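Undergrad: Okay, here's the prediction I keep looking at, along with the sequence it came from:
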Amino acid sequence: NGYFAHGYGIKAKGMGGVGMAISQDAYAPGINPAGLAGMETRFDGALTYFRPERSYEVSGMPSGQMGTFGLAPGEVESDSKNFFIPSLGFVQQIDEDRSWGIAFLGNGGMNTNYPGFENSQFCQMPEMNPNTGEPTGNMLPIGSQTGVFCDGAAGVDLEQLAIIPTYAQKFADGRVSVGFSPIISYQRFEAKGIQTYADMGMSDDPDNFSGNGTDDSWGYGAQIGIQAEVAEGVRLGGSYRSKIRNSDFDDYSGLFAEGGSFDIPSTWGMGVAWEVTPMVTLVADYQRINYSDVDAISNDGPGQQDLGQPVFGTSDGRGFGWDDINVYKIGAQFELPNDWQLRVGYNRGDNPIDSDEVTMNLLAPAVMTHHYTAGFTKSFGDQHELSFAAMYAPSNSVSGSNAFDPDQDIEIEMKQYELELGYSYRF
């Protein structure tokens with residue numbers, strides 16, 4: 001769902017990412033901290049294999065006109081496809097109504113790596129006579145190398161870790177649960193292969209635009225949640241997470257708006273869980289992700305009129321043009337004989353990228369909308385659980401004009417696969 005995972009916690013992921021009104025493990029604070037209230041002491045650990053397949057295709061030849069920046073025609077796939085993301089959680093029960101815990105949740109897989117390739121004819125433009133405005137017959141280089149943006153292999157890498165300590169308590173004879181979590185975040189970011197834009201005068205700080213290795217930042221935020229049993233077998237839940245304010249990426253102060261600011265947007269949601277029978281539980285969630293909280297993500301991307309203008313890194317600098325999105329999740333859980341639980345789910349999120357923002361989003365084509373999920377848990381006695389979850393997001397694409405050369409069209413595309421295996425120990 002943009003760059004957020006479709007869910008947090010292996011049991012939630014098997015049901016489309018739901019978790020506002022139902023919480024079953026120590027990962028609950030990733031969705032709703034109220035779910036820890038009275039939870040038994042337990043440890044949960046999981047490893048996710050995530051495979052996003054990203055590509056873009058450019059149609060049409062560059063116009064070659066002054067004041068444009070054309071791309072080499074053809075289809076290019078990102079080389080980076082395989083990612084492993086760990087998660088850990090621990091809960092300590094204080095009594096039947098109170099528990100505290102801590103969750104470590106990773107977010108990643110945004111690493112794109114488009115290889116350098118021979119396109120030297122597209123990494124140069126005609127030299128113009130300043131007196132006559134006519135071509136001189138000579139060609140001037142754009143950038144320093146070949147590749148997507150005439151600067152060698154290109155891509156971005158964003159990794160995030162959320163550390164979420166939580167306290168939760170039940171009230172009203174156990175019918176209402178409330179939880180609170182301060183959030184500590186850690187981010188790592190790298191951009192490469194896009195220095196050409198800075199060399200063309202588009203950055204307020206060209207030395208801190210691209211190719212400066214990995215920079216990191218720490219941040220803080222908070223989350224509050226509630227769950228309530230409103231009828232026999234029916235629970236409602238809701239949660240709000242504030243914007244997480246991170247320190248700036250100083251090594252990329254010429255790329256991100258406001259001199260390298262890259263916070264994590266706020267989210268909120270609500271859900272319902274219905275125990276239809278002792279064997280069947282149905283769950284549905286709604287989530288809102290406010291990408292507009294972060295200028296570097298939501299500000300409109302650059303256009304042809306910005307060539308030669310310092311529009312990256314400024315206080316109102318250009319971004320990736322992402323919209324706020326709505327996410328709808330449904331899931332079901334089935335209790336089976338011999339201590340088995342089976343889960344299925346579906347997650348439908350808006351695509352945050354409009355057709356007029358495809359050029360910058362070559363680097364981050366997060367256009368997924370449909371996610372199909374399944375999973376299971378097998379218990380071994382009273383203490384051990386082995387869980388599995390899988391997700392498939394079929395290919396989705398967005399097409400639009402090259403923002404720097406309207407004679408060209410660009411299509412960005414992605415599909416995703418995810419497998420997760422986890423172990424739980426209940427004390």
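TA: Structure's in. What do you need?

Undergrad: I figured Gln124 hits Ile142, correct?
TA: Yes. At 5.9 Å, Gln124 counts as touching Ile142 under the criterion of C-beta atoms under 8 Å. Quick note: C-beta positions are derived from backbone N, CA and C, even for glycine.

Undergrad: quick one: the helices in the stretch 251-400 of the chain?
TA: 257-260, 295-298 (DSSP state H, counting those that start in this stretch).

Undergrad: do the same with the stretch 101-250 of the chain
TA: With helices called from DSSP H, counting those that start in this stretch, the stretch 101-250 of the chain shows them at 195-199.

Undergrad: Output the below-cut-off pLDDT ranges for it.
TA: 109, 118-121, 125-128, 133, 135-137, 139-140, 143-144 (pLDDT under 70).

Undergrad: partners of Val327 in the sheet?
TA: For Val327, the beta-bridge partners are Gln287, Gly349 (DSSP bridges).

Undergrad: residues contacting it?
TA: By C-beta atoms under 8 Å, 6 or more residues apart in numbering, the contact list for Val327 reads Asn1, Gly17, Gly269, Asp285, Tyr286, Gln287, Arg288, Ile289, Asn347, Arg348, Gly349, Asp350.

Undergrad: same check, this time on Leu71
TA: Val58, Pro62, Phe122, Val148, Phe149, Asn402, Asp405, Gln408, Ile410.

Undergrad: Name the member of those residues with the most neighbours.
TA: Counting neighbours by other C-beta atoms under 10 Å, the top entry in the contacts of Leu71 is Val148, with 26 neighbours.

Undergrad: Can you give me every residue that contacts that one?
TA: Leu71, Ala72, Val76, Tyr114, Ala154, Gly193, Leu362.

Undergrad: phi, psi of it?
TA: phi -50, psi -50 (degrees, to the nearest 10).

Undergrad: buried ones in the longest strand anywhere in the chain?
TA: What stands out as the longest strand in the chain, according to DSSP state E, is strand 405-426. Residues 405, 408-416, 418, 420, 422, 424, 426 are the ones in strand 405-426 that count as buried (16 or more other C-beta atoms under 10 Å).

Undergrad: do the same with stretch 104-122
TA: For stretch 104-122, by 16+ other C-beta under 10 Å, it's 104-114, 119, 122.

Undergrad: And for stretch 142-154?
TA: Using 16+ other C-beta under 10 Å as the test for burial, stretch 142-154 gives Ile142, Gly143, Gln145, Thr146, Gly147, Val148, Phe149, Cys150, Asp151, Gly152, Ala153, Ala154.

Undergrad: surely Glu411 meets Val398?
TA: Yes. If you go by C-beta under 8 Å, Glu411 and Val398 touch, sitting 7.2 Å apart.

Undergrad: Identify the contacts common to those two.
TA: Among the neighbours of Glu411, those also in contact with Val398 (C-beta under 8 Å, 6+ apart) are Val358.

Undergrad: how about Gly16, secondary structure?
TA: Using DSSP: H, G, I helix; E, B strand; the rest coil, the structure places Gly16 in coil.

Undergrad: Can you verify my assumption that it contacts Gly345?
TA: Yes. Look at Gly16 against Gly345 with C-beta under 8 Å: they come within range, at 2.7 Å.

Undergrad: shared neighbours of these two, anything?
TA: Both Gly16 and Gly345 are contacted by Lys329, Ile330, Gly331, Thr373, under the criterion C-beta under 8 Å, 6+ apart.

Undergrad: Point out the ones among these that are inside strands.
TA: Going by DSSP E, the strands hold Lys329, Ile330, Gly331, Thr373 from the shared contacts of Gly16 and Gly345.

Undergrad: The first one against Val18, yeah?
TA: Going back to what we said before, that points to Lys329. Yes. The pair Lys329 / Val18 is scored as a contact, 4.8 Å apart, by C-beta under 8 Å.

Undergrad: got the CA positions of stretch 306-320 in PDB?
TA: Provided in PDB are the C-alpha atoms of stretch 306-320 (Å, rounded to 0.1, in the frame of the first residue of the first chain):
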ATOM      1  CA  ASP A 306      11.600  23.200 -14.100                       C
ATOM      2  CA  LEU A 307      14.700  22.300 -16.200                       C
ATOM      3  CA  GLY A 308      17.500  24.600 -15.100                       C
ATOM      4  CA  GLN A 309      15.500  25.800 -12.000                       C
ATOM      5  CA  PRO A 310      16.700  24.800  -8.500                       C
ATOM      6  CA  VAL A 311      13.400  23.000  -7.500                       C
ATOM      7  CA  PHE A 312      14.800  20.000  -5.500                       C
ATOM      8  CA  GLY A 313      15.800  20.500  -1.900                       C
ATOM      9  CA  THR A 314      14.000  23.900  -1.400                       C
ATOM     10  CA  SER A 315      11.500  24.600   1.300                       C
ATOM     11  CA  ASP A 316       8.600  23.800  -1.100                       C
ATOM     12  CA  GLY A 317      10.700  21.400  -3.300                       C
ATOM     13  CA  ARG A 318       9.500  19.000  -5.800                       C
ATOM     14  CA  GLY A 319       8.700  15.400  -4.700                       C
ATOM     15  CA  PHE A 320       7.200  12.200  -6.000                       C
END
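
Undergrad: For that stretch, report the contacting residues that lie outside it.
TA: Outside stretch 306-320, the residues within contact range by C-beta under 8 Å, 6+ apart are 67-69, 197-198, 200-205, 208-209, 253-260, 294-302, 353, 357, 360-361, 364, 404.
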